[in-house]
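Colleague: Need the 3D shape of this:
(4 chains)
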Protein chains: 2
Amino acid sequence: MPQTSLSSALFTLAQSYRVTVREAINANELGLNALHVRCLHIIAETQHCTANDIVAKTGRDKAQIARLVKELIKLELVSKCADKNDKRCLILSFTEQGKTLFSRLQIAEKQVDSKLCEGLTETQITEFISTATTMINNIKN
Amino acid sequence: MPQTSLSSALFTLAQSYRVTVREAINANELGLNALHVRCLHIIAETQHCTANDIVAKTGRDKAQIARLVKELIKLELVSKCADKNDKRCLILSFTEQGKTLFSRLQIAEKQVDSKLCEGLTETQITEFISTATTMINNIKN
DNA sequence: CCCCAATAGTTGATATAGTCAACTATACGC
DNA sequence: GCGTATAGTTGACTATATCAACTATTGGGG
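Modeller: Numbers count the residues shown, from 1 in each chain, chains lettered A, B, ... in the order given. As a prediction, this is how the structure comes out:
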């Protein structure tokens, strides 16, 4: 390739990344995809997490998230339970199985991440994330 | 968001980028998507461009590219013509309409790019692309 | 207290994107 | 000429994403 353009780098990276994660996940675990994994992360890091929180944090369509969550529940990784103060809100939390799988997932992800970052310094990675974040904010809505 | 992880930054960026490009394209042009656009770029920058070149440069499935090219031809942006030395190779080139649209596209893209890069220095962008390229190579196959 | 706009989530239908495998046609080495 | 490699096409399928309509609940104003 000659001088790679920004858009082409982005596009290629996103695609390769998705494929790699999927392979890693498929190889190690049951049928989870990259978005499932993101959902699990969000559930893990958000106390009192609702489907809406996931929609907000991922920027996806709520229909997509609803179905995704449904799958996680079917897989018995996550359970939902109505908030007693607001029955519209269904709070998502890990089952025991979910917790177990999540910690295995974190290990698998670390492997992908470290492969991704081979030959890069801490600084380069930090700056990469920071630039990416700026870009995300630039085009946010 | 707290400390954004690499994977989440990547994933979000790719998603937002796709949405933004699509909006820009949809707004300005007929039904072209980001991959169509990449194809057009490759056709533009590759002399004697074949479908296979596009497959090689994008890393997509050749079936996908075949259909994409078919659409571009249907839209009368691109035409194909067998290489006289090797009739298996179908060389892709712009039609007049294609040339016109491509230059309009370049303008639209510049707008997206510059929006994306607001507040970033040349150096940051260069390093971003270079880091991304390293990552792509790290997970290539 | 009841109505209503707003909010959380669900569902159906559909569109878009990506993948796999089988197939045709041509080319090239021997 | 024959077998194998290459370029491209097609069908069938799966995965992802999007839109719009719908239910259930909530909280506020009359």
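
Colleague: contact partners of stretch A:114-129?
Modeller: A:17, A:20, B:4-6, B:9, B:124, B:127-128, B:131-132, B:134-135, B:138-139 (C-beta atoms under 8 Å, 6 or more residues apart in numbering or on different chains). Heads up, the C-betas are built off the backbone N, CA and C, glycines and all.

Colleague: Can you give me the end-to-end span of stretch A:47-63?
Modeller: Start to finish, the residues bounding stretch A:47-63 are 22 Å apart (C-alpha to C-alpha, to the nearest Å).

Colleague: Tell me who's in contact with A:Val78.
Modeller: Counting by C-beta under 8 Å, 6+ apart, A:Val78 makes contact with A:40, A:43, A:69, A:72, A:92-95, A:98.

Colleague: where's it relative to A:Phe94, distance?
Modeller: Using C-beta to C-beta, to the nearest Å, A:Val78 is found at 6 Å from A:Phe94.

Colleague: returning to that earlier point: filter the contacts of A:Val78 down to the ones in helices?
Modeller: A:40, A:43, A:69, A:72, A:98 (DSSP state H).

Colleague: quick one: the residue nearest to the spatial centre of chain A from chain B, how far?
Modeller: Among the residues of chain A, the one closest to the centroid is A:Arg38, at 1.7 Å (C-alpha atoms, centre = their mean). Separation of A:Arg38 from chain B (C-beta to the nearest C-beta, to the nearest Å) stands at 7 Å.

Colleague: Test my guess that that residue contacts B:Ser8.
Modeller: Yes - at 6.6 Å, A:Arg38 counts as touching B:Ser8 under the criterion of C-beta atoms under 8 Å.

Colleague: Spell out which parts of chain A neighbour DNA strand C.
Modeller: Counting by C-beta under 7 Å from any atom of the strand, chain A comes close to DNA strand C at A:15, A:19, A:50-52, A:55, A:62-63, A:66-67, A:69-70, A:80, A:86, A:88-90.
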